[in-house]
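Novice: model this:
(4 chains)
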Protein chains: 2
Amino acid sequence: MVLPSTAGTEPRKITINDVAKSAGVSRQTVSRALNDKDEIDVDTKQRVLDAARALGYRPSRFARGLVRQDTMTIGLVIPDLLNPFFTEVAAAALEAARARGWQVVVYDTGDRAEEELGTLQVISSQVDAVIGYFSCPESELEKFTRGMPVVLIGREQRTRFSAITIDGAEGVHAAVAHLVARGHTRIGMLDHHTRAEPSIRHEWFTTAARAHGVDPGLVVGANQTADGGGAALKAMLAAHPDVTAVFTFNDIIALGALREARRLGRNVPHELAVIGFDGLQLGALVEPPLTSVALDTRGLGALAIEQVARLLSGTEALAADELVVRAELRLSGSA
Amino acid sequence: MVLPSTAGTEPRKITINDVAKSAGVSRQTVSRALNDKDEIDVDTKQRVLDAARALGYRPSRFARGLVRQDTMTIGLVIPDLLNPFFTEVAAAALEAARARGWQVVVYDTGDRAEEELGTLQVISSQVDAVIGYFSCPESELEKFTRGMPVVLIGREQRTRFSAITIDGAEGVHAAVAHLVARGHTRIGMLDHHTRAEPSIRHEWFTTAARAHGVDPGLVVGANQTADGGGAALKAMLAAHPDVTAVFTFNDIIALGALREARRLGRNVPHELAVIGFDGLQLGALVEPPLTSVALDTRGLGALAIEQVARLLSGTEALAADELVVRAELRLSGSA
DNA sequence: TTGAAAGCGGTACCAG
DNA sequence: CTGGTACCGCTTTCAA
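Specialist: Numbers count the residues shown, from 1 in each chain, chains lettered A, B, ... in the order given. Below you'll find the predicted structure:
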């Protein structure tokens, strides 16, 4: 929170008064010169501008913000900027925010709970609203956001906050249906295992599998990285050698599984079918291109900003059933 | 810049005075309660907190920032958040900034010059320093940053600003040497073609090729996307069917080329060797894994933040020759 | 423990 | 065209 002491060299902050004094005018005149007002003599203006430059003066954004209340800053909290899914969402949010002239401060929590709390602490006095993925308990969230608009993303539990939910039930059902139609009967799932509870994506899978008379019990946990996905596939095949298809928690895991399959010499999709979740652009780069239950990440980001706008303006906020992003099966080469 | 008018509903901003009145105390007491000072009666504190909550009060970050000058905000301007290279740099910068307790506002210019200017305009009154990729003329930069610390990244030309440069001469030399050692004599380059001038990476390639007695003239421009890389490879092979190896402007282009090679049925690396530039983590996901002239993106981000810190504190800034990130050949499967 | 007053660094609205 | 004055909303002395 506090700035590291800067070796005593700290050149006292130059204010508008210093410039005024140096140019021999009043601060209002300085203000006029700097803001390009026309009620000012050209020479005076030049003199002021010169003085300002000479002193290295820069107006305080706080003082300015205080008097002209026209800046909106949104905090975007994501667990991992290196995960393309979050990057895609962030890019969309940035774009939607820019369209409204808003700033976006990005916070990367590194998927660590402590960082989440630390971030929340800092953020609450830095932004006008928060959009984010949080795994911390709602009570903590509440504590730090004190009446600030908050839009959660991908939080499944019921919550007091606005939350954009992802509905993948149909998409996952379609994915399983597709696999079954291709003759697969032993379908595994590479779930994530970073959270305490089994994921809702896992529930969707279970439901879909049951609906198709497939054993839903072949589950292995995976870290949300490509390496994690590879390791999980290995574990899966070791535990259940008869598995011929896997559905994964997300595309990153799927890509890792794809790579591992290559290493193991299992042809995809013929000897092993892989279906991911998220629909990342990245999926198109590998061979075979990844089949995935795809999400509209752009829409997601835009929706979050839209809801923040409503919350902020007092306009009627979108209801929970309007804050849903549906995922749908996008067929490609890997299954 | 200006907030959209919000349907007249605009509930006048609640200030500390409102809370004070509502709780029947003075505003200093409110301040104490909210900032967890201990010189306050427990009951009073609770009463104030309740009142604040009831009114939905949130302190103005501007007013607070004005009086406690302890928040540093850095603007990070990048051309495309969806390009993993910039994401990696951004992630590193975010991390380094967080270590200092600084905020980072991310701006995505979409690689458009107009957006760059618009961003600069906005940014100048919103942040304390700027780190970024800019393609606009230095004069424009200067105009909008008025004495604010600026650290440029990847700008080759000489500049008045601090600039972190990328030195890939040796790395590219090593790449070409490697290809030549493998027997390649016809080596093409997929350069970018979004900028007016040929890239410095192209110059490195030319120099390295000449040094090895290889024709440096086989160049095709590519958009900085995977599709662009694919198209460029196609064009390259059409124009020069005898090319057996390509060096690309960056990894994204290389990945596209890799995919195109697969589509064309050309085995990599045996029938076509591919070497990228950047060393993205992403390169490890494809088959064969991408050989690349790799950059330390984390180091780059950290270096930028370090320089900003020095500029900001008046500590002696790093000289140009200390602001260099060297790229080196990282061998993998594609060449 | 609480309150009054003095800024923080600007901008806006008046006079002159 | 310029300067005086009154804030913006909050924190920090300093008294009470």
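Novice: Show me the shaky parts of the stretch 151-300 of chain A.
Specialist: A:194-196 (pLDDT under 70).
Novice: Put the alpha carbons of the helix or strand hosting A:L76 into PDB.
Specialist: Counting by DSSP states H and E, the element that carries A:L76 is strand A:73-78. C-alpha atoms of strand A:73-78 as PDB (Å, rounded to 0.1, in the frame of the first residue of the first chain):
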ATOM      1  CA  THR A  73     -12.600   2.700 -13.500                       C
ATOM      2  CA  ILE A  74     -13.500  -0.900 -13.400                       C
ATOM      3  CA  GLY A  75     -11.300  -3.500 -11.700                       C
ATOM      4  CA  LEU A  76     -11.100  -6.800 -13.500                       C
ATOM      5  CA  VAL A  77      -9.900  -9.700 -11.400                       C
ATOM      6  CA  ILE A  78      -8.800 -12.800 -13.100                       C
END
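Novice: and the angle for the helix or strand just after it with helix B:84-99?
Specialist: Once strand A:73-78 ends, the next helix or strand along the chain (criterion: DSSP H and E) is helix A:84-99. Using axes from the mean of the first three to the mean of the last three CA atoms, to 10 degrees, the direction of helix A:84-99 lies 80 degrees away from that of helix B:84-99.
Novice: Quick one: name the residues of the stretch 201-335 of chain A near chain B.
Specialist: With CB under 8 Å from any CB of the partner chain as the criterion, the stretch 201-335 of chain A comes near chain B at residues A:226, A:255-256, A:259, A:262, A:281-282, A:284-287, A:312-315. For every residue, glycine as well, the C-beta is placed using N, CA and C.
Novice: Which members of those occur in helices, if any?
Specialist: Secondary structure of these is defined by DSSP state H; positions in helices are A:A226, A:L255, A:G256, A:R259, A:R262, A:L312, A:S313.
Novice: circling back to that earlier point, could you tell me how far the strand holding A:L76 lies from the centre of the chain?
Specialist: Centre-to-centre, strand A:73-78 and its host chain are 9 Å apart (CA atoms, centre = their mean, to the nearest Å).
Novice: Just the residues contacting the helix or strand hosting A:T29, thanks.
Specialist: Element membership for A:T29 (DSSP H and E) is helix A:27-34. Helix A:27-34 has contacts (CB atoms under 8 Å, 6 or more residues apart in numbering or on different chains) with A:16-17, A:19-20, A:23, A:37, A:39-40, A:44-45, A:48-49, A:52, A:59.
Novice: Provide the backbone phi and psi angles at A:L49.
Specialist: Dihedral pair for A:L49: phi -60, psi -40, per degrees, to the nearest 10.
Novice: wait, A:Y57
Specialist: According to degrees, to the nearest 10, A:Y57 has phi -80, psi 140.
Novice: who's in contact with it?
Specialist: Contacts of A:Y57 (CB under 8 Å, 6+ apart): A:I14, A:T15, A:I16, A:D18, A:V19, A:A51, B:G147.
Novice: Stretch A:122-141: end-to-end distance?
Specialist: 12 Å (CA to CA, to the nearest Å).
Novice: Briefly note if that stretch comes near DNA strand D.
Specialist: No - Stretch A:122-141 lies apart from DNA strand D when judged by CB under 7 Å from any atom of the strand; the minimum separation is 7.7 Å.
Novice: Show the residue spans covered by the strands in the stretch 101-250 of chain A.
Specialist: Along the stretch 101-250 of chain A, the stretches classed as strands by DSSP state E, counting those that start in this stretch are A:103-108, A:129-132, A:150-153, A:162-167, A:187-192, A:219-222, A:245-248.
Novice: Any chance of JSON lines for these, columns mean neighbour count?
Specialist: Converted to JSON lines, these look like this (neighbours: other CB atoms under 10 Å in any protein chain shown):
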{"stretch": "strand A:103-108", "mean neighbour count": "23"}
{"stretch": "strand A:129-132", "mean neighbour count": "26"}
{"stretch": "strand A:150-153", "mean neighbour count": "25"}
{"stretch": "strand A:162-167", "mean neighbour count": "20"}
{"stretch": "strand A:187-192", "mean neighbour count": "26"}
{"stretch": "strand A:219-222", "mean neighbour count": "23"}
{"stretch": "strand A:245-248", "mean neighbour count": "30"}
